[in-house]
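1. this is a predicted model, with the sequence first.
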Amino acid sequence: MIELKFGQRKVVNFRGARKVVGGLTEKNKIDILLYISKEFANADKEEELYDIVISLCKDIFECDNTTLRMWKGDLLVPSRFFKETIPPRRDLSQDEGYSGFTFKTRMPLLIQDLSHHVEYIDEGETTRAVMCVPIMYKEDCLGTIAVESDTEFFYREDDLEILEALGSQLALAITSVRLIQGLVKANEREAQILKQLEWDMRMGRNVQSQIVETVIAPWNGLHFGTYYEPMTEVSGDYFNVVRQGNSITAIIVDVSGHGIPAALVTMSIHYQFQRCTALGMGLSETMAELGESVRPQLPDGTYFTAFILKVYSDYTYSYVNAAHQKMLHYHNGTGRIEELDTQGVPLGIFEVERSNFEEKHGKILPGDILFLPTDGIVEQKNDQRQELGNQRFIEWIRQEKATIEEQRDKIYVSDLVGSLLGRFKRYKGDIRNGDDVSLLALQCNPELGKAKTLLSLAKSAAKAKKDQVAYDKALEVFSMDESLKDSLVLLGKMYYRDRNFEKSVQFLEKYIRTSGEESEHIHYLLGRAYYELNNIPEAKRALKRSLAIDHTYAKSSLRLARCYLKDNETPKAIKVLQQGIKSAPTNEYLKISLKKLEELVKRKTAEVGAEQRKEAV
């Protein structure tokens with residue numbers, strides 16, 4: 001049991017709104033996160049982890065029920081729950097209930113009153129407030145955790161934050177348990193221990209490969225080059241790029257030590273970094289949160305360095321360094337390479353806070369390149385025991401870029417990274433790597449200036465209703481760089497306006513996928529386009545996502561109701577409109593649509609009754 005003393009939470013009416021009284025304090029939350037880590041660390045079987053999750057949720061959230069579902073085959077199967085429900089729990093597809101929605105979207109969900117979201121529950125269920133989070137290995141969702149209450153408005157965003165952290169810790173714990181179980185099994189079979197260890201390391205590499213993406217798609221004119229070479233099967237290096245619509249946040253990390261212990265730490269850092277960026281934390285705040293959230297889980301003597309970079313839509317950037325290698329900024333106009341650093345301390349050694357990290361700023365221009373290496377490159381020695389060093393690596397960048405420019409007009413950052421690493425391998429020769437080797441590079445498209453000029457002309461032409469000019473300019477921009485989000489959304493909206501819905505879907509989908517930006521309006525447009533193409537399942541998916549972002553967006557409610565009517569699911573259409581009216585009570589279109597639909601149902605019911613009486617006579 002969690003030995004925390006806090007008052008029982010209650011839901012009260014305050015100035016016409018529902019408000020939670022009691023519950024977790026900030027100190028409770030910190031104590032709980034530490035307790036979760038310790039509890040998971042004591043488990044050595046997956047079944048034990050499941051039991052711990054149920055117990056923790058009961059104690060932390062004072063819930064009426066908790067359901068842990070794991071993905072098996074094609075269904076979400078209830079693996080653990082606090083108590084059975086009426087009707088009993090059943091296996092769910094990824095299109096059913098709040099657990100299915102969370103599994104499919106990979107997004108956490110907090111619903112304060114399920115009576116407004118009846119599409120998420122089976123008939124007869126008493127659950128009213130629910131929090132549901134995915135259990136993630138990057139793109140792979142293992143299952144969901146749902147915390148349920150029979151009282152509306154029982155949970156807050158703070159509670160969801162704790163549940164997300166628990167889900168991240170559970171994913172890490174499952175991975176750790178599997179690796180540990182492999183090691184234990186190898187020890188039990190002494191004759192095969194070497195073979196078993198090799199299998200465990202390969203498994204760790206497979207797991208780690210899910211969180212370290214070495215092929216990164218462009219974002220808004222920024223193109224990426226990467227290199228990732230673990231010293232053993234698994235690595236203590238980690239990098240990631242998170243898209244947030246109008247910005248991206250990149251991180252590179254170097255954990256002290258090697259092998260499985262360091263690799264497990266990178267997994268924890270990954271999930272905490274994803275959580276911090278999703279919460280919109282600043283760079284210094286994120287760095288401090290990483291240090292404090294991961295520190296209790298670190299093996300003795302282990303620490304890590306990190307560099308976080310955030311690039312905005314106007315190509316300005318901010319960065320924070322926690323004792324990591326300096327970032328290198330190659331200025332295309334002058335050929336100058338700038339070494340960028342900030343004041344910061346290593347993470348995991350002692351308690352840190354935001355004030356321990358300095359934030360600085362810069363701007364990346366067309367053709368400029370940012371390099372984020374780990375020290376495995378510059379500290380590598382050759383057969384004469386000479387260390388490469390930062391200055392020699394900087395000179396390599398100039399030389400290799402000049403060599404590539406002699407061979408072709410355009411420089412692609414992936415080619416430059418490949419050329420640099422080829423030279424690195426020639427330098428070290430047959431000497432074994434002395435550390436994990438990683439490099440993340442970002443290049444601003446050299447043609448960005450021209451593309452922005454063309455895009456401005458396209459927007460002006462579209463505004464002036466010179467459609468052919470607008471299409472020609474926008475498509476020319478797209479041919480220059482398919483990642484520029486303004487051209488994608490412009491083309492998506494223009495094709496939508498002109499009822500070329502196939503093209504509209506193509507560009508809107510690419511816009512959402514490439515930029516990472518999501519808004520209720522964009523998903524509504526995508527849903528409407530799919531509706532016009534008679535692709536009702538995809539239309540429903542997009543419209544439900546729109547309402548998940550903003551449940552008051554009446555256009556999505558109206559169109560989703562039409563989708564259900566097209567599938568002859570009139571009761572669901574009525575429920576969607578009723579829910580929409582509760583969310584947007586002043587919207588007259590929703591009221592009129594609901595009234596017409598209810599009258600239609602009554603008229604059809606009366607006609608059926610009259611026909612039945614006629615047949616009886």
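-> Here it is on my side, so go on.

2. and the helices in the stretch 501-617 of the chain, which stretches?
-> 501-515, 520-532, 536-549, 554-566, 570-583, 588-616 (DSSP state H, counting those that start in this stretch).

3. can you add mean pLDDT and give these back as JSON lines?
-> Formatted as JSON lines, these follow (pLDDT from 0 to 100):
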{"stretch": "helix 501-515", "mean pLDDT": "94"}
{"stretch": "helix 520-532", "mean pLDDT": "94"}
{"stretch": "helix 536-549", "mean pLDDT": "93"}
{"stretch": "helix 554-566", "mean pLDDT": "93"}
{"stretch": "helix 570-583", "mean pLDDT": "92"}
{"stretch": "helix 588-616", "mean pLDDT": "81"}
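
4. show me the one of those helices that comes nearest Leu416.
-> With C-beta to C-beta as the criterion, Leu416 lies closest to helix 501-515 of these, at 22.4 Å. For the C-beta atoms, the positions are set from N, CA and C on the backbone; glycine is no exception.

5. which strand residues bridge Val77?
-> For Val77, the beta-bridge assignment (DSSP bridges) gives partners Met70.

6. what about it, how many neighbours?
-> Val77 sits with 15 neighbouring residues when counted by other C-beta atoms under 10 Å.

7. list the contacts of it.
-> Under the criterion of C-beta atoms under 8 Å, 6 or more residues apart in numbering, the contact list for Val77 reads 69-71, 91.

8. again, only using 10 Å
-> 68-71, 89-92, 143 (C-beta atoms under 10 Å, 6 or more residues apart in numbering).

9. could you flag which of those residues are buried?
-> Buried by 16 or more other C-beta atoms under 10 Å: 68-71, 89, 92, 143, out of the contacts of Val77.

10. now the helices of the stretch 501-617 of the chain in a markdown table, with distance to Lys381?
-> What follows is the helices of the stretch 501-617 of the chain, written out as a markdown table (distance: least, C-beta to C-beta, whole Å):
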| stretch | distance to Lys381 |
| --- | --- |
| helix 501-515 | 41 |
| helix 520-532 | 52 |
| helix 536-549 | 52 |
| helix 554-566 | 60 |
| helix 570-583 | 64 |
| helix 588-616 | 70 |
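
11. so which of the ones you listed gets nearest Glu39?
-> Taking C-beta to C-beta as the criterion, helix 536-549 is the member of these that comes nearest to Glu39, at 31.3 Å.

12. now, the most widely separated pair of the buried ones among the contacts of Val77?
-> In terms of C-beta to C-beta, these reach their longest pairwise distance at Trp71 and Arg89, which sit 15.2 Å apart.

13. doesn't Glu351 fall inside a strand?
-> No: secondary structure of Glu351, determined by DSSP: H, G, I helix; E, B strand; the rest coil: coil, with no strand assignment.

14. isn't it up against Ile30?
-> No: contact status for Glu351 versus Ile30: not in contact, 11.3 Å apart, counting by C-beta atoms under 10 Å.

15. and these two? Which one has more around it.
-> Between Glu351 and Ile30, counted using other C-beta under 10 Å, Ile30 has the larger neighbour count: 13 against 9.

16. surely that one and Glu292 touch.
-> Yes: using C-beta under 10 Å, Ile30 is in contact with Glu292, at 8.4 Å.

17. returning to what we had before: what do Glu351 and Ile30 both touch?
-> In the contact map built from C-beta under 10 Å, 6+ apart, the residues linked to both Glu351 and Ile30 are Glu292.

18. I'd like the contacts of Val77 written out as JSON lines, with distance to His258 and pLDDT added.
-> Formatted as JSON lines, the contacts of Val77 follow (distance: C-beta to C-beta, whole Å; pLDDT from 0 to 100):
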{"residue": "Leu68", "distance to His258": "34", "pLDDT": "93"}
{"residue": "Arg69", "distance to His258": "36", "pLDDT": "93"}
{"residue": "Met70", "distance to His258": "32", "pLDDT": "90"}
{"residue": "Trp71", "distance to His258": "32", "pLDDT": "90"}
{"residue": "Arg89", "distance to His258": "44", "pLDDT": "88"}
{"residue": "Arg90", "distance to His258": "46", "pLDDT": "91"}
{"residue": "Asp91", "distance to His258": "42", "pLDDT": "93"}
{"residue": "Leu92", "distance to His258": "41", "pLDDT": "93"}
{"residue": "Gly143", "distance to His258": "31", "pLDDT": "91"}
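
19. before I go, just wanted to say thanks for your time.
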